[in-house]
Each structure stands twice: as C-alpha cells, then as structure tokens.
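Chemist: turn this into a model:
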Amino acid sequence: MSSSSGTVNYLYDGADLVEEVDNAGNTLARYVQGQRFDEPFAVLRSGSTAYYEADDYASITSLSDPTGSLLNTYTYNSFGRMVSSTGTFGNPFRYTGRDFDLDSGLHYYRARYYDDTSGRFMSEDPLLFKAGSANFYAYVRNRPTRYVDPLGLEPTNLNIFDSCTMCHMKCDLGYQLAAATSVVASFVRGFLAGIGTGHSIGQDDPVSIAKDAKDNAEACVNTRNWCHADCNLTVCDVPHPAFPNLGR
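Modeler: All right, here's what the predicted structure looks like:
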C-alpha cells in the first residue's frame, strides 16, 4: 500500500498478516498471530512490543505495553464505527480484528472492503445467492451483534473460533483463491492465443480454452466439496448438513 508517508508491503501467513516491510525490505512491524482467524497476540514495531486485548467479537479494544500500561484504547458502535479512541501506537487491527485502512477509512475483510459509516460492503458478495441473502452488500445480514464475517463472504455465528467452523471457512477461502486463479489463467491463455504465433489448434484455440476453463471450475468445486467433507469426517462433532461425507 502506498501513501504520502511511503510504501508498505504486507506479508501474510495464510489469511493472517505477520509482517510489514518497506520497499527496501526493512521490517516495519512483526505480528504474532493465534491459530484462529483474526487473533493477533502481539506486535513489535520500532523496537517496542505491544499486546492485544479483544472483546467477544474479536474487536481490538486496547493495546498494552509489557508493564500492563495501556497504549491505545478503542470503542466502537455495533457496526464498527469508532466512537472513541486514545493513543498513537501504530496498529492496523480494529473492528472484529480486521485491518483498518486509515487512508480510505475502510475495513479489509479479505474478499472485499467494508464501510462502517454506511454499515455495508463496498462490493457484491462473491458468493451471491449462495451466501443466503438477496442483499449482496449487507454486512452480516444487518445483525452485527450476532454474526461476524472475517472472509467477507457470508455471516458466521460468533462461535466462529471453534475448529469445525474454521475448517469449513478455510475450504471456502481456498475455493475462492483457486477459482480466481483459474479465471486469470484462462484469460492469459486466450490473450496469448490471440496475439501469439505457433499455437496449434486444439491446444490454445477458443474452444479448447473454454473447455479447460469449465473443467477447472468443476475441479475447484469438487475440491471444495471434498475439503468440506473432510472437515466433517476429521474435525466436526456435528457435520455440516450441506456437505455429507461423499462416500468416505
């Protein structure tokens, strides 16, 4: 991300931010994350260590130094609008533990951005009707005291941090990434087939590209379903009803 103060590059371990570096590779901040989504424990920035405190919604309520003294405090309304705050220690994590962009005033929910002023996402839900609502912009079905949505895909009960729910959410996140990669690959193949030379018919002709794209899309769906089935089999005490064991 670039701003008037310079460029910051964000490094992730899976879905979680673990480090910030500048363009020269110098470390600006390092984060210690828990095993659950949006569970920062500590940050090392400019030689100073701070520890995170959060509420039941995973919203960061304060940061403290090693002596227990408060560095920052945050108070939000139910839709994440900042009501009050204190302190100047650098911290990207705010409402429901998600990254807050100071320049745009938006919260990054992985699949899309959220505006706490309107209480709506800035773009349509990638899952569309599969998310269970006809309103593709609503944040957690307008029930933020009951649901959270760490992936920006669909509301999840506040018991989000149990291992079963996390397993199913990672399946959905993997599917979204694989599907997006497949679409980009098909576009690149089509572009190169249109301007390149020496491509043989049956390898990069439009019909072949379309067929491969369809096969890749089906493979992504099948992989997601098997992932959900594996969660049911190996992690969940109560299997997700939409994803049976598929013969396993």
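Chemist: C-terminal to the longest helix along the chain, what's the next element?
Modeler: Ranked by residue count under DSSP state H, the longest helix found in the chain is helix 163-195. Note on helix 163-195: by DSSP states H and E, the next helix or strand toward the C-terminus is helix 206-234.
Chemist: give me the below-cutoff pLDDT ranges for this structure.
Modeler: 1-5, 158-163, 191, 193-206, 209, 237-248 (pLDDT under 70).
Chemist: which residues does the residue nearest the centre of it contact?
Modeler: Nearest to the mean C-alpha position of the chain, counting by C-alpha atoms, centre = their mean, stands Arg110 at 2.9 Å. By C-beta atoms under 8 Å, 6 or more residues apart in numbering, Arg110 lies in contact with Ala15, Pro150, Leu151, Gly152, Leu173. For the C-beta atoms, the positions are set from N, CA and C on the backbone; glycine is no exception.
Chemist: go on, Leu173?
Modeler: Counted by C-beta under 8 Å, 6+ apart, Leu173 has contacts Ala15, Arg110, Leu151, Leu153.
Chemist: now swap in Arg45 and tell me
Modeler: Leu28, Ala29, Arg30, Phe89, Gly90.
Chemist: how long is stretch 95-105 end to end?
Modeler: 12 Å (C-alpha to C-alpha, to the nearest Å).
Chemist: same deal with stretch 19-35?
Modeler: Stretch 19-35 end-to-end distance (C-alpha to C-alpha) = 16 Å.
Chemist: circling back to that earlier point, so which of the contacts of Arg45 is the most crowded?
Modeler: When neighbours are taken as other C-beta atoms under 10 Å, the top entry among these is Ala29 (19 neighbours).
Chemist: let me know the secondary structure of that residue.
Modeler: Using DSSP: H, G, I helix; E, B strand; the rest coil, the structure places Ala29 in strand.
Chemist: looks like it contacts Gly90 (just checking).
Modeler: Yes - using C-beta atoms under 8 Å, Ala29 makes contact with Gly90 at a distance of 6.8 Å.
Chemist: about what we covered before: so how far is Gln33 from the residue nearest to the centre of the chain?
Modeler: 14 Å (C-beta to C-beta, to the nearest Å).
Chemist: please apply the same query to Cys171.
Modeler: 20 Å.
Chemist: again, but for Pro92
Modeler: With C-beta to C-beta as the criterion, Pro92 and Gln33 are 13 Å apart.
Chemist: and for these two, which residues touch both?
Modeler: Joint contacts of Pro92 and Gln33 (C-beta under 8 Å, 6+ apart) are Leu17.
Chemist: tally of neighbours for the closest residue to Thr165 other than its chain neighbours?
Modeler: With C-beta to C-beta, 6 or more residues apart in numbering as the criterion, Thr165 has its nearest non-adjacent residue at 6.3 Å, and that residue is Thr156. Counted with other C-beta under 10 Å, the neighbours of Thr156 add up to 19.
Chemist: hmm, Thr156 is touching Arg141, no?
Modeler: No - contact criterion C-beta under 8 Å: Thr156 and Arg141 do not qualify, at 11.0 Å.
Chemist: between those two, which contacts overlap?
Modeler: Tyr147.
Chemist: residues contacting the residue nearest to Thr165?
Modeler: Applying C-beta under 8 Å, 6+ apart, the residues near Thr156 are Tyr147, Val148, Asp149, Pro150, Thr165, Met169.
Chemist: looking at the contacts of Arg45, spot the one nearest Ala178.
Modeler: In terms of C-beta to C-beta, no member of the contacts of Arg45 lies closer to Ala178 than Arg30, at 29.0 Å.
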